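>>> What shape does this take:
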Amino acid sequence: MTVKVPSQRWKVVFLTDAAPLPERKFRSEGAAYQAVNRERQLIREGSSRVKRAVVYEWQKDSGRWMTFERHDLKKEAAELSAADAKVESAVDAASKGDEK
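Numbers count the residues shown, from 1 in each chain. Alright, predicted model coming up:
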């Protein structure tokens, strides 16, 4: 039995507290991660209810979807926001030092 290889070999499933959202398929790893990054940004802006994401890749040898990577997007977004705040604080401190 031959398994047909899908034309879109990457997919992402976003998960909320309530349930997973419909899977989204992509032709490349880059396109899949653009979607993950976009969702992470929406979480940072407070306009997304997504908590996690699972990236899958179609494995030709096994003929099935395999988990490529898991992301805790809510945690990652919080870490990025904290890092941004730290940088802003350092820049503010440096600019106040220049004023003296």
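
>>> Phi first, then psi, for residue 37.
phi -60, psi -40 (degrees, to the nearest 10).

>>> Renumber starting at 435 from here on
Got it, the first residue is 435 from now on, which makes the last one we talked about residue 471.

>>> Tell me how far it lies from residue 525.
Taking C-beta to C-beta, to the nearest Å as the measure, residue 471 falls 24 Å from residue 525. Using the backbone N, CA and C atoms, a C-beta is placed for each residue, glycine as well.

>>> same thing with residue 484?
30 Å.

>>> now do residue 444
37 Å.

>>> Please apply the same query to residue 468.
Applying C-beta to C-beta to residue 468 and residue 525 gives a distance of 28 Å.

>>> Looking at residue 444 and residue 525, which is more packed in?
residue 444 (22 against 10; other C-beta atoms under 10 Å).

>>> Just give the nearest non-adjacent residue to the residue nearest to the spatial centre of the chain, would you?
By C-alpha atoms, centre = their mean, the chain has its centre lying nearest to residue 470, at 2.8 Å. Nearest-residue entry for residue 470: residue 487, 5.3 Å, with adjacent residues in sequence omitted and distances by C-beta to C-beta, 6 or more residues apart in numbering.
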